[in-house]
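Peer 1: my questions are about this predicted structure, shown below with the sequence.
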Amino acid sequence: MVSVEEGIRLVKINLPNSTYERIYLSTALNKVLSQDVISKINMPPFHQSSMDGYAVNFSDEIKSYKLVGEIAAGGSASEFDLRQGEAVRIFTGAKVPKGTNTVIQQEIVHRKEKTISFTEPVQVGKNIRLKGEQTIIGQIAMNKGDRITPAAIGFLAGLGITEVDVFKKPTLSIIATGDELVKPGDPLPEGKIYESNAIMLDAAIKQSGYECIKSITVEDTYGATKSAIENLLSSSDVILISGGISVGDYDFVGDALKEIGVKEIFYKVKQKPGKPLFFGSYNDKLVFALPGNPAAALSCFYIYVLTALEIISRKSDGLEIAQLKLIEGYSKKGGRAQFLKAKIEGDRVRVLEGQSSSMLHTFSESNGLVYVPENSTALEAGNIVSVYKLP
């Protein structure tokens, strides 16, 4: 059995190398660049008006200007070379013609037929986006390790980029074990319960930005358990197994993993909930066998599984941990560390009622997990505690 800190450390140092793939920019949201992106154009590609107004060859000595044409966004400016005292009507995004030394916003322009004058003082060089102002040819537009946000997609699309190299996100599969499990919506015979862990874990995976490619329920037999694990190891980067990892007469996961050749990195953590947690590897695949109790399974997902996924994807080291003030005191029983379902309220946090490892109702109201180390006993109101902020 390992401590929480040792378990997290062992997860971090036993991960496969990150791999990358080239994908369409339109599908790259929230992924992380695995290579620098080099600009192949200047942005803007030409001096560009930032206003609807008038491009002017301005002089303090001239009070009115002759209009010699108009340039719309996307239009050509090649026919113009403004002399002093000349101006053209211009629109936002349009190329500024030669001879322009300022663009005057239309709100301070008085126009009379083919001449204009200005109602406020004019400053030379205003309202022009200079060629290459954002980036120039050959410059790094975005760096390796940058996360691709909606703004980044817009920026790169504006550079004409359609594909990017990103760190590949792991794919996951889920196995829920148990003869007692019934699909939600079906009749519920005596002694059965509705399956919720696989559905819950699939939702947590999706919420975190990853993909579950397969989710299955298997009966409590050694053969079915072993066959399911072998099949999913061939198609998934990470397998989550719900239940069957304890020491009951119908818990076959441990023996099946051993026979398949999955290397045990650790089994059991000194924590509550989530003690019967298994973490292992098979070549470059990862296996997490989670406790069957729902709140325990979800806690282990956030603390251990998500940490692995985020590091492999180069997104982060896992959930953000905040140092917050405890609203009410809490007395811990036993020698294990605890993850307490809690509600973050500004810079404070409240431990909620209903901490049983089988209860999801409280978890559904939580936005954080208060971590109580194994050597702590009682926490008092006002104490500063570590809180894992849930997605």
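Peer 2: Right, received. Where do you want to start? Numbers count the residues shown, from 1 in each chain.
Peer 1: helix/strand/coil for the closest residue in space to residue 354 that isn't next to it in sequence?
Peer 2: What sits nearest to residue 354 in space, not counting adjacent residues and going by Cβ to Cβ, 6 or more residues apart in numbering, is residue 362, at 3.8 Å. Heads up, the C-betas are built off the backbone N, CA and C, glycines and all. Look at residue 362: counting by DSSP: H, G, I helix; E, B strand; the rest coil, its state is helix.
Peer 1: just give me the neighbour total for residue 362.
Peer 2: Applying other Cβ atoms under 10 Å, we find 18 residues neighbouring residue 362.
Peer 1: who touches it in this structure?
Peer 2: Residue 362 sits next to 295, 341, 352, 353, 354, 355 when contact means Cβ atoms under 8 Å, 6 or more residues apart in numbering.
Peer 1: then residue 192?
Peer 2: By Cβ under 8 Å, 6+ apart, residue 192 lies in contact with 180, 181, 182.
Peer 1: just give me the closest of those to residue 30.
Peer 2: Ranked by distance to residue 30 (Cβ to Cβ), the contacts of residue 192 are led by residue 181 at 32.4 Å.
Peer 1: phi, psi of the closest one?
Peer 2: Residue 181 has phi and psi values of phi -90, psi 130 when expressed as degrees, to the nearest 10.
Peer 1: now it. Nearest residue, chain neighbours left out?
Peer 2: residue 195 (4.1 Å).
Peer 1: how many neighbours does the one you found have?
Peer 2: 19.
Peer 1: wait, it sits on residue 179?
Peer 2: No: using Cβ atoms under 8 Å, residue 195 is not in contact with residue 179, being 11.3 Å away.
Peer 1: any idea how far residue 287 is from residue 83?
Peer 2: Here the criterion is Cβ to Cβ, to the nearest Å. By it, residue 83 lies 76 Å from residue 287.
Peer 1: of those two, who's got more company?
Peer 2: residue 287 (25 against 9).
Peer 1: that one reaches residue 262, doesn't it?
Peer 2: Yes: applying Cβ under 8 Å as the test, residue 287 and residue 262 come out as touching, 5.3 Å apart.
Peer 1: domains of this protein?
Peer 2: 4-18+169-312, 20-42+134-167, 48-129, 321-389 (automatic domain parsing).
Peer 1: would you list the ones you listed in a markdown table and tack on mean pLDDT?
Peer 2: Converted to a markdown table, the domains of the chain look like this (pLDDT from 0 to 100):
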| stretch | mean pLDDT |
| --- | --- |
| domain 4-18+169-312 | 92 |
| domain 20-42+134-167 | 97 |
| domain 48-129 | 96 |
| domain 321-389 | 94 |
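Peer 1: single out the most deeply packed of these.
Peer 2: The highest mean neighbour count among these, using mean count of other Cβ atoms under 10 Å, belongs to domain 4-18+169-312: a mean of 19.
Peer 1: endpoint to endpoint, it covers what distance?
Peer 2: By Cα to Cα, to the nearest Å, the extent of domain 4-18+169-312 from end to end equals 20 Å.
Peer 1: would you check how far apart residue 364 and residue 295 are?
Peer 2: Remark: distance between residue 364 and residue 295 (Cβ to Cβ) = 10 Å.
Peer 1: for residue 115, same thing?
Peer 2: Distance check for residue 115 against residue 295: by Cβ to Cβ, it reads 76 Å.
Peer 1: phi first, then psi, for residue 121.
Peer 2: Residue torsions, per degrees, to the nearest 10, at residue 121 are phi -60, psi 150.
Peer 1: now stretch 80-87, how far from the centre of its chain.
Peer 2: In terms of Cα atoms, centre = their mean, to the nearest Å, the centre of stretch 80-87 is set 51 Å apart from its chain centre.
Peer 1: list the contacts for residue 324?
Peer 2: Residues near residue 324 by Cβ under 8 Å, 6+ apart: 344, 347, 348, 349, 368, 384, 385, 387.
Peer 1: element containing it?
Peer 2: Element membership for residue 324, per DSSP states H and E: strand 321-326.
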